[in-house]
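Chemist: With the input below, show me the fold.
(chains A and B)
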2 protein chains.
Amino acid sequence: MERVPVLKIGDILLVSIQIDMEDQVALQLQEDLADRIVATGCHGVIIDISALDIVDSFVGRTLATIASISRVLDAETVVVGMRPAVAITLVELGLSLPGIRTALNVELGMELLARHRAEEFTDLDELGDEDEADTPAAAAS
Amino acid sequence: MERVPVLKIGDILLVSIQIDMEDQVALQLQEDLADRIVATGCHGVIIDISALDIVDSFVGRTLATIASISRVLDAETVVVGMRPAVAITLVELGLSLPGIRTALNVELGMELLARHRAEEFTDLDELGDEDEADTPAAAAS
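Modeler: The predicted structure is shown next:
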């Protein structure tokens, strides 16, 4: 079975989708990505779709699922490299990829993630950092 | 026709090969990459082959050609992500990828390129007098 590689670059995981997103490929990618986020502690995921001629509802759903999985693992997802024709078709199909951030290319995606991360820390600083309570509840018995 | 995307990340062009390297795909990739090197002025090319199960003589030759084209355009090429089984098969086939630098993953490839670039500039500045002065203690003289 074909598999989409997940590349680690600094604090970001990069996925370049070039093959057809069949069910098994999509599931495998979700699993691989979740594993890598946990293993590396990365806070950003960039999915490059510049090789895709078509983004149908299945691919759209897959991207949304990946973004949701990443979010619960404390990583933001940005989809980059969408072709103009793909954007037009998506909207014509009534798919506007809700909940998915986009950027024009990998570099802009990285900037977006860095900015998002910086904002998050600013918010934390303003609140005053006090929640480092990592001790599992079970240990307190 | 399928096409392998070329992603720009800082001073580096990243290519992740996931599809079968047929003649046309290989030629197109060489052309795209040469165009992008000239257009962006990047000095490094990283080719990720972690998705490839097999690297035959054609793929090996394609990688060597890409490395040569890049070199005459003042960019270094590093092939990263080779699977252990691929390495074993390559050597058994008598292909040792002469003239191609390798690294285990994208990050190590980036480090290699950065080091190579730094050395180049050092060579330009002063003609080599720091062979083994890598120890931090050396600064305490």
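
Chemist: now residue A:58, nearest residue through space, not along the chain?
Modeler: The spatial neighbour of residue A:58 that comes closest, neighbours along the chain excluded (CB to CB, 6 or more residues apart in numbering or on different chains), is residue A:21 at 6.5 Å. In this view, the C-beta of every residue, glycine as well, is placed from N, C-alpha and C.

Chemist: Might one say that the one you found is in contact with residue A:59?
Modeler: Yes. Counting by CB atoms under 8 Å, residue A:21 does reach residue A:59; the two are 4.9 Å apart.

Chemist: hmm, back to that, let's verify the residue nearest to residue A:58: helix, strand, or coil?
Modeler: In three-state terms, and counting by DSSP: H, G, I helix; E, B strand; the rest coil, residue A:21 is coil.

Chemist: which ones are touching it?
Modeler: Applying CB atoms under 8 Å, 6 or more residues apart in numbering or on different chains to residue A:21 gives the contacts A:58-59, A:62.

Chemist: just the buried members of those?
Modeler: Buried members of the contacts of residue A:21, counted by 16 or more other CB atoms under 10 Å in any protein chain shown: A:59, A:62.

Chemist: Please, where are all the strands along chain A?
Modeler: Per DSSP state E, chain A carries strands over the ranges A:6-9, A:12-16, A:44-48, A:76-80, A:101-103.

Chemist: okay if I get those as CSV plus mean pLDDT and mean neighbour count?
Modeler: Compiled in CSV, these are given as follows (pLDDT from 0 to 100; neighbours: other CB atoms under 10 Å in any protein chain shown):
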stretch, mean pLDDT, mean neighbour count
strand A:6-9, 96, 20
strand A:12-16, 96, 24
strand A:44-48, 96, 25
strand A:76-80, 96, 23
strand A:101-103, 95, 17
